[in-house]
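Engineer: got a sequence here, can you model it:
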Amino acid sequence: MKPLHTLIPNHITYLFSDIDDTMTEHGKLPAEAYSALWELQAAGIEVIPITGRPAGWCDMMARFWPVRGVIGENGAFYFSYKNKKMTRHWVASPEERQANQKKLLKIQDEVLKNIPNAAISADQFCRVFDLAIDFCEDVPPLKDEEIAKIVKIFESHGATAKVSSIHVNGWFGAYDKLSMCRTFCQEELGFDLNKNQTRVAFSGDSPNDEPMFSFFENSIGVANVKNFKLTHPPKYVCTKESAHGFVELAHHLLKESTP
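Structural biologist: Here you go, the predicted model:
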């Protein structure tokens, strides 16, 4: 991973970014990080948060945050709010979602039976596509082997499982953050992401961001990404962790975008 200051973002106009422990710190969005979103927007750099957080949260973010759109539940959908109109793009029909939720309930029962210290995420009631198992947000931190066991249970049922900094998220369907990034760029921004890498950057912090780190030429990790052993680490890394790292990245982009 190269130091952030070596990144020359002359053409970057879009920043896709993870939220938890990338924009936030200890579960909060600091004023400096929120201000950075406004500063980026004012400078013509549009931010699109990409998160494992649920649909209910993403609707609020798309409406109230200074962002171009929000990709949620690890790529299951995007929301874009413009001119008092909300666009919602889903990867699956209501019938498919209902069928998958029944299968996820079986997984939920098995996880809670076999890993009693785990819990269903407090935001599960806002979710449409996935099941989020809390391993450190509102519960005492689980051991690595317990987290690995949760992943194994998901996968034994044919589900995809990804580990974030706080949850194990599991779902049915061939999608991830990167696939919805491509869709968002094509449908909302009007360009092919594969052919316009220089216009876009991504920032993240954890294993579920690896497809993004691997794909993006301008992939940046906040410093806490060093806490994980990643097969595909980001190309660049900030000197600061979490929200402070996001602010560091924003200021670097803003400095480079200043005439």
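
Engineer: give me every residue that touches E248.
Structural biologist: 4, 238-240 (CB atoms under 8 Å, 6 or more residues apart in numbering). Where C-beta positions appear, they are placed from N, C-alpha and C, glycine not excepted.

Engineer: what domains does the record give for this structure?
Structural biologist: Under the assignment automatic domain parsing, the domains of the chain span 2-91+175-257, 94-171.

Engineer: tell me the most buried of these?
Structural biologist: Ranked by mean neighbour count, the domains of the chain are led by domain 2-91+175-257 with a mean of 19 (mean count of other CB atoms under 10 Å).

Engineer: returning to what we had before: go through the contacts of E248 and say which is closest to T24.
Structural biologist: Taking CB to CB as the measure, T24 lies nearest K240 of those, at 13.5 Å.

Engineer: surely G158 is in a strand?
Structural biologist: No - counting by DSSP: H, G, I helix; E, B strand; the rest coil, G158 is located in no strand; its state is coil.

Engineer: that one and F172 touch, don't they?
Structural biologist: Yes - the pair G158 / F172 is scored as a contact, 7.1 Å apart, by CB atoms under 8 Å.

Engineer: can I get the contacts of E248 in a markdown table including pLDDT and distance to A201?
Structural biologist: Shown next, in a markdown table, are these (pLDDT from 0 to 100; distance: CB to CB, whole Å):
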| residue | pLDDT | distance to A201 |
| --- | --- | --- |
| L4 | 98 | 11 |
| C238 | 98 | 12 |
| T239 | 98 | 17 |
| K240 | 98 | 17 |
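
Engineer: can I get those residues in CSV including distance to V67?
Structural biologist: Below are those laid out as CSV (distance: CB to CB, whole Å):
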residue, distance to V67
L4, 22
C238, 20
T239, 25
K240, 22
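
Engineer: please identify which pair of those residues lies farthest apart.
Structural biologist: L4 and K240 (9.3 Å).

Engineer: contact partners for the residue positioned nearest the centre of the chain?
Structural biologist: Nearest to the mean C-alpha position of the chain, counting by CA atoms, centre = their mean, stands T51 at 2.7 Å. T51 is in contact with 18-20, 57-58, 70-74, counting by CB under 8 Å, 6+ apart.

Engineer: which residues in the stretch 1-150 of the chain form strands?
Structural biologist: Here the stretch 1-150 of the chain has its strands, by DSSP state E, counting those that start in this stretch, at 2-3, 14-17, 46-49, 70-72, 77-82, 85-90, 119-120, 131-134.

Engineer: nearest to L254, of these?
Structural biologist: Closest approach to L254 among those is made by strand 14-17 (11.0 Å; CB to CB).

Engineer: partners of the closest one in the sheet?
Structural biologist: Sheet partners assigned to strand 14-17 using DSSP bridges are listed as strand 46-49 (parallel), strand 200-204 (parallel).

Engineer: could those strands be laid out in TSV, adding distance to G245 and mean pLDDT?
Structural biologist: Below are the strands paired with strand 14-17 laid out as TSV (distance: least, CB to CB, whole Å; pLDDT from 0 to 100):
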stretch	distance to G245	mean pLDDT
strand 46-49	15	98
strand 200-204	8	98
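
Engineer: as a markdown table, those strands with distance to F79 would be great.
Structural biologist: Listed next are these as a markdown table, based on distance: least, CB to CB, whole Å:
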| stretch | distance to F79 |
| --- | --- |
| strand 46-49 | 10 |
| strand 200-204 | 19 |
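
Engineer: what about the helices in the protein?
Structural biologist: Ranges of helices in the chain, per DSSP state H, are 31-42, 55-64, 94-114, 144-156, 177-184, 210-215, 242-257.
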